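My questions are about this predicted structure, shown below with the sequence.
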Amino acid sequence: MSAAWPRSFTGRTILVIAALILLLVLISAGTWLWFSANEPKFSDPPPGLLSILTEPIPEGPNADLIRRGRYLTIAGDCASCHTRRGGRPFEGGLGLQTPFGIIYSANLTSDRDNGIGAWTPEQFFNALHNGAAPGNKRLYPALPYPHFTIVSRADTDAILAYLKTVPPVHYAQPGNRLPFPVDIRASLIAWNALNFSPHAFQGNSAMSAQWNRGAYLVEGLEHCGACHTPKNVLGAELNNQAYRGAAIENWVAPDLTGNPRTGLGRWSSNDIVQYLQTGRNAHANASGLMGEVVAYSTSLLSDSDLLAIAAYLKSLPASPTLSSGAPDAAAMRAGSAIFFDACTACHLAGGKGQPGMFPPLQGSNVAQQDDPTGVIHLILAGTRTAPTRSRPGFQSMPSFAWKLSDQEVADVATYIRNSWGNRAPPVDARRVAKLRSKLKLTQPLASDQR
Amino acid sequence: MAKTMPKVDVVLVGFGWTGAILAQQLCDAGLTVVALERAAVRTTPLNWATTFDQDELRYMWRHHLFQNVRYSTLTFRNNVNQAALPMRHLGSFLPGTGVGGAGIHWNGQIWRWLETDFKLKSHNETRYGKQSTAGLTLQDMPLSYGELEPYYDLFDRICGTSGQAGNLKGAKQAGGNPFEAERSAPYPTPPLPMTYGPKLFEQAAASMGLHPFPHPAGNLSQAYTNPLGMQLGKCTFCGFCEKFGCGNYSKASPQTTLIPYILTKPNFELRTEAEVLKVERTPDGRHATGVTYIDSGGAEYFQPAEIVALTAYQLHNVHLMLVSGIGQPYDPATGKGVVGKNYCYQTVSSVDLFFDDKLLNPFIGAGALASVIDDYNGDNFDHSGLGFIGGAYIAGMVTGARPIEMVRVPDGVPKWGLEWKRAAAKYFLRSMSLSVHGSSYPQAGNYLSLDPTYKDQFGRPMLRMTFDFPENDLKMASYCTDRAAEIGKKMGASLVHPKARKGPYDIKPYQTTHNVGGTMMGESANDSAVNKYSQSWDVPNLFVTGAGLYPQNPGYNPTGTLAALAFLTADAIKSHYIKAPGAPLVTA
């Protein structure tokens, strides 16, 4: 793909050796996942956040630049991570949980001490393009600079111009809670050497202007691959598997390629636009982390940019379809009964759903991801559809943790994933048990007490 | 010392249907609005999710969604010669509490009044002579059906009401209510499909020359998106509407149609656990300065506002008017005064039907799932020689078969023991009730006032209800129940047990939460508490919503009309009042 960034390891031998040592440490500690908010469910917007993102910007010096900057800030979904729960807009302090510890997002308000009030445009560009803050302080890639690197200087200037209008908040985020050696920022030099090289956006002249705009947004500011692309053990994206869906903090960010079962193969461009604009369409509802992306970013973008994103996503080649064996007949029988009792009230018989309201399960790409974590998570914990300007409701799915045993959750998930033409690997009760414990959810009541 | 809060344009007292309607309309017009709700925030996923919603013990029996008498109650007597006593358990009616109010646990039965219901007194006196209304303190509404129609229509579009129009812009429509007044638009969604019981009713009624039609329903027949972008799902006929919240987003409620939209407004604020004690006024009493309220921790606040709107339940609105000293309290001895006057209820009767040879499966139900006739409602039939006015709709209704509440056994079966068990088992799936939903007309001795003896937890006199069924309404109930029984026989029921409402009024058994009157609207300050825009005659920046506005109660569920009146009020505030704040919208 032309928009992918080039890599070069030449001339960095020493760094590579250092990185390999670090790699061993990391492998022994487990998978490296940078991106994950600590709130799995869509939360109420922090006070004033939607207003600051949507209220008209008054005329004044640089008003057009500031408006463009705010739009680009929205396109970067900066607010989602840079506003802690209950905090003032852009004050930072949201703890992003990684397997190694917690990284707190920075203050982006115009405060001169703790925010970006004193930053120059060069410094800001350097942060997004090279992943380095003033004083050559390496930034953790929790700030997705491997994506932001392609954002143009004109755009980073506009974003900074806007952020400098955000009311200053003299709040300093807590220090990261990371163990040695990850807490030493110099370790990031090695990470960058292996996984990152700064570069500008390279369009594809063979494709339309719309496609190129989509590529610029998807690969850059919207940083979709940060969640939707599988990662290596260092947490860097595997470019040969771009957008094929990935596990992320007890969820699955679904496949975005043209695969008709697991990806967006059955979605039209308009379906994609509708989803990103309203948080729901005939195939799926946005909730969880994607709910925040929709609420604070995509639902506020222009129609033309959403169409561009759709054009780019629709051009992604289909991921390979994994074969999965036929599910166990007993599990399907049990799952069918549970589905009838617990699910049909909203999702209707045959998994037809109520498109735009309660998602159909027949043909659902969310249901058919190879990794069943997302489906299990939805059943166990429930979820809440993101409210948007055009669809302010937040219809919710209740938690079934107290009501269904691990085996029952596994059976109904297997049933949903293998009925009405759906096909996906069956779900094991041990997997449900593991997720239940990770999410600290209650054990089910005895069957005669539910 | 009460803490003074920042002044707002509008303070709403109570956040149910009418509070939400005013909030939506006035926030969209740019006014700053604060809603004070006495109890807690309630949301579909946290308070009545599908996983635990169908719990009769919790919701029906233990009143989980209703006003708790430990917190707030009223005193009751049947007539002025009795001493009223505080109610320690509510039964006959079950007001809501908390965000959404009774709009959470209603059945979703959405009706409009007949054209003649708006001119009830003059219409009946013209047609049947002055003696027809003797003993009743009926009063015409100060507005016509035509003036309210656009707001009825708006409420239908907010709710997504499912139904079949009977009169579309003057053209009669097959399958709808032929007696209804002209609608400007069809129902937003098609009628609910009829199950077996309602179908039997429909066939029997039609064969008798009556005019059955599907009950207009706020339990939706299909998914719907309202003009505010709020989405409702298709009703699954689970049979838990009345006394329950809807976990499926299928029942129109403030939560499913308005509140999430309102919460996106930066000029709106909701404060819960805020019990309003009193409307405060300027020394001359002509202008409301705001309200005093108390939070659940006992701290007192004063909320100043340009406009005060009483949007609580009818009983509480009347109580607040009385404890705030606004308007002249009604005195039945002299007939003077307006606040508390014309308290009316709903005269609900029924006919139980038992079928030996038909399995009705009534657990497949919905709050407004019924085939219904309006042939015996209002003045849709000739009352000459009948000795009463008014009427009832008769509905072959199946709201569900909830096992604690709705086990029917034929008359004469013991109330416990083996015989009861046998009858209950035999008829649980083979019985249904016809609902006879009758009008309630006012008489001089029925009213609401402050209790001279009992005080509430805040030291205010409790509200006292004095009520018994007027002779007129009992005759109506008897007549209409007989008509229902005829339909029941035609349906082929093996046993037909009519239960016409009898006096004296008993406040203990559940009848319906349709308490009306007490802050009625009218043509002048002499005959009413508020004008046709729900604006107080005495305090022009005070507005009062709800069924308290009704001078009497037609034979319909009140929500449709009180919601339409709230939209009309909001429109009057937006279009006229704010151009000349503090001025009366009607001079009389």
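Alright, I've got the coordinates. Numbers count the residues shown, from 1 in each chain, chains lettered A, B, ... in the order given.

For whichever residue of the stretch 201-350 of chain A sits closest to chain B, give its distance to residue B:427.
Per C-beta to the nearest C-beta, residue A:345 is where the stretch 201-350 of chain A lies closest to chain B, at 4.6 Å. All C-beta spots, glycine's among them, are computed from the backbone N, C-alpha and C. From residue A:345 over to residue B:427 the distance is 27 Å, taken as C-beta to C-beta, to the nearest Å.

tell me the secondary structure for the residue of chain B positioned farthest from its centre?
For chain B, the residue at maximal distance from the C-alpha centroid (C-alpha atoms, centre = their mean) is residue B:418, at 39.3 Å. The three-state label given to residue B:418 by DSSP: H, G, I helix; E, B strand; the rest coil is helix.

need the residues of chain B near chain A, please.
B:44-45, B:49-51, B:223, B:225, B:228-234, B:236, B:238, B:247-249, B:256, B:260-261, B:263-264, B:266 (C-beta under 8 Å from any C-beta of the partner chain).

Secondary structure element for the residue of the stretch 201-350 of chain A closest to chain B, which one?
Per DSSP states H and E: residue A:345 is located in helix A:344-347.

Ok, residue B:477 next?
Using DSSP H and E, the element containing residue B:477 is helix B:471-490.

related to what we said a few turns ago, list the residues that contact the closest residue to the residue of the stretch 201-350 of chain A closest to chain B other than its chain neighbours.
Distances taken as C-beta to C-beta, 6 or more residues apart in numbering or on different chains place residue B:236 nearest to residue A:345, at 4.6 Å, with adjacent residues excluded. Applying C-beta atoms under 8 Å, 6 or more residues apart in numbering or on different chains, we find residue B:236 in contact with A:344-345, B:248, B:250.

mind listing what the residue lying closest to residue B:38 once chain neighbours are set aside touches?
Using C-beta to C-beta, 6+ apart and skipping the chain neighbours, the partner closest in space to residue B:38 is residue B:275 (4.3 Å). Neighbouring residues of residue B:275 by C-beta under 8 Å, 6+ apart: B:36, B:38, B:293-295, B:458.

Just the ones of the residues you listed in strands?
If you go by DSSP state E, the contacts of residue B:275 have B:36, B:293-295 in strands.

quick one: which of the residues you listed has the most company?
When neighbours are counted by other C-beta atoms under 10 Å in any protein chain shown, residue B:36 leads the ones in strands among the contacts of residue B:275 with 25 neighbours.

List the residues that contact that one.
B:11-15, B:271, B:274-276, B:291, B:293, B:303.

Could you give the number of residues near the residue nearest to residue B:65 when sequence neighbours are not counted?
Leaving aside its chain neighbours, residue B:65 sits nearest to residue B:105 (4.7 Å; criterion: C-beta to C-beta, 6+ apart). Number of residues near residue B:105 (other C-beta under 10 Å) recorded here: 28.

Phi, psi for residue B:105 please.
Main-chain dihedrals, residue B:105, degrees, to the nearest 10: phi -110, psi 20.

just the strands in the stretch 1-150 of chain A please.
Using DSSP state E, counting those that start in this stretch, the strands assigned to the stretch 1-150 of chain A run over residues A:95-98, A:101-104, A:132-133, A:137-138.

Residue A:427: which of the ones you listed is closest?
Among the strands of the stretch 1-150 of chain A, the nearest to residue A:427 by C-beta to C-beta is strand A:95-98 (24.9 Å).
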